[in-house]
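> Provided below are the primary sequence and the corresponding predicted coordinates.
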Amino acid sequence: MLRIQEEKLAGLYSIYPTVFKDDRGYFFEAFKAANYAEITEGASFVQDNISKSSKGILRGLHFQAPPHAQGKLVQVLQGSVLDVAVDIRKSSPTYGQYFKQVLSAENAIQLYIPPGFAHGFCTLEDNTLFSYKCTALYHKEAEGCILWNDPHLDINWELNETPLLSPKDELGLAFDTFASPFE
């Protein structure tokens, strides 16, 4: 009861669960390990994170370097985001390319982002709850950040105003000087 679609960036998958709706609301199966084993190449999820953000908050573009690289299964529990994943695998034919998609509580789309991608999102609504299931634990010394508005990546964030950023995100690395730790 799940449709999994590989996107143009190899290893990146959009997941469309079957949502059952009626007058009471809706129900869908958000996660069953057996359904994700093939796309996660057998990796187990070991940490769940949830963030809450107001409209216009941009988080990213973040990654965890090896040996602490993380795959992430992301979804929106409330509200909506424009979600972006950038391929930072040096040997990939799509190195430096990005994929973006609106994820919302309404559409229930999930995105699996494998290790070797930088990830970020911009909230489109107040009180947005964003969920991440991670295949490795967070390690501060392994964290990295690429500048969200780097001109070489040329990501169209579809913004009408400047987003609110953390100090870390304001100091993200420029892509043309970034030395990717991923082969």
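That came through fine. Numbers count the residues shown, from 1 in each chain.
> now Leu58: how far from Phe117?
17 Å (CB to CB, to the nearest Å). (C-beta placed from N, C-alpha, C; glycine too.)
> what helix or strand is the most centrally placed residue in the chain on?
In the chain, the residue lying closest to the centroid (CA atoms, centre = their mean) is His119, at 4.6 Å. Assigned by DSSP states H and E, His119 belongs to strand 117-123.
> residue contacts, the nearest residue to Lys72 once chain neighbours are set aside?
Closest residue in space to Lys72, ignoring its immediate chain neighbours: Ile113 at 4.7 Å, by CB to CB, 6 or more residues apart in numbering. Going by CB atoms under 8 Å, 6 or more residues apart in numbering, Ile113 touches Leu12, Gly71, Lys72, Leu73, Val74, Ala85, His119.
> among those residues, who's most crowded?
Counting neighbours by other CB atoms under 10 Å, Ala85 leads these with 29 neighbours.
> is the residue nearest to the centre of the chain in a bridge, and if so with what?
Judged by DSSP bridges, the bridge partners of His119 are His62, Ala85.
> need the contact list for it.
Gly60, Leu61, His62, Phe63, Lys72, Val74, Asp83, Val84, Ala85, Val86, Ile113 are the contacts of His119 under CB under 8 Å, 6+ apart.
> mind jotting down where the helices sit in the chain?
Assigned by DSSP state H, the helices in the chain fall at 33-36, 167-170.
> rebuild these as TSV, extending it with mean neighbour count, mean pLDDT and distance to Phe182.
Listed next are the helices of the chain as TSV, based on neighbours: other CB atoms under 10 Å; pLDDT from 0 to 100; distance: least, CB to CB, whole Å:
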stretch	mean neighbour count	mean pLDDT	distance to Phe182
helix 33-36	13	89	21
helix 167-170	12	95	20
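> closest to Thr128 out of the ones you listed?
Taking CB to CB as the criterion, Thr128 comes closest to helix 167-170 out of those, the separation being 16.5 Å.
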